[in-house]
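Student: Okay, predicted coordinates and the sequence, questions at the end:
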Amino acid sequence: MNKKTQLNVFIVEDNAAYAKTLQGFLISRFADIKIRIFPVGETCLLQMHLNPNILIIDYFLNSKYEDAQNGIEIIKNIKAKNLLTNIIVLSAQENYHIVLEAIKQYGCFYVQKGPEAFIKVEELINDLI
């Protein structure tokens, strides 16, 4: 991706405060960025025609909507539609097998939620662009 091209990022996170905080952080770090936030993956899937360069998705997406699909289910759908989207799983998921599935099977990057998470996401985005 050309650095002069606008960065189009989707954040799929059911914790609205966390998503807004991440959005504010990324806006402060990248000059030309457009960010859309989705509380569940199903709404994100409806907007994949907007071709995000990077998708940041939580694994646990059912805290507010019990029937919401989890992050891996959404990633499967996204990869079926657009193999060019870079996906960062930003989650508190500690199950090694789930993390490994996201990384190996779907070519995702994984960042553990914690004090350094936003900096790690920024570094990954810089590596990807």
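Tutor: Cool, got the structure.
Student: residue nearest the centroid of the chain?
Tutor: Most central in the chain under Cα atoms, centre = their mean is residue 56, positioned 1.0 Å from the mean C-alpha point.
Student: Return the list of strands paired to the helix or strand hosting that one, each annotated with direction.
Tutor: Residue 56 is part of strand 54-57 when elements are defined by DSSP states H and E. Sheet neighbours of strand 54-57, with direction, are listed as strand 7-12 (parallel), strand 86-91 (parallel) (DSSP bridges).
Student: What's opposite the residue nearest to the centre of the chain in the beta bridge?
Tutor: Bridge pairing for residue 56 - DSSP bridges - gives residue 11, residue 88.
Student: Can you name the residues that contact it?
Tutor: Shown in contact with residue 56 (Cβ atoms under 8 Å, 6 or more residues apart in numbering): 9-13, 22, 87-88, 90, 121. (C-beta placed from N, C-alpha, C; glycine too.)
Student: Residue 7 contacts residue 27, correct?
Tutor: No. The pair residue 7 and residue 27 fails to qualify as a contact (Cβ atoms under 8 Å) at a distance of 10.4 Å.
Student: Next, show the common contact partners of these two.
Tutor: Both residue 7 and residue 27 are contacted by residue 33, under the criterion Cβ under 8 Å, 6+ apart.
Student: who's more crowded, the two?
Tutor: residue 7 (19 against 13; other Cβ atoms under 10 Å).
Student: picking that back up, which among the contacts of residue 56 count as buried?
Tutor: 9-13, 22, 87-88, 90, 121 (16 or more other Cβ atoms under 10 Å).
Student: Point out where this structure drops to low pLDDT.
Tutor: Applying pLDDT under 70 to the chain flags the ranges 1-4, 82-83.
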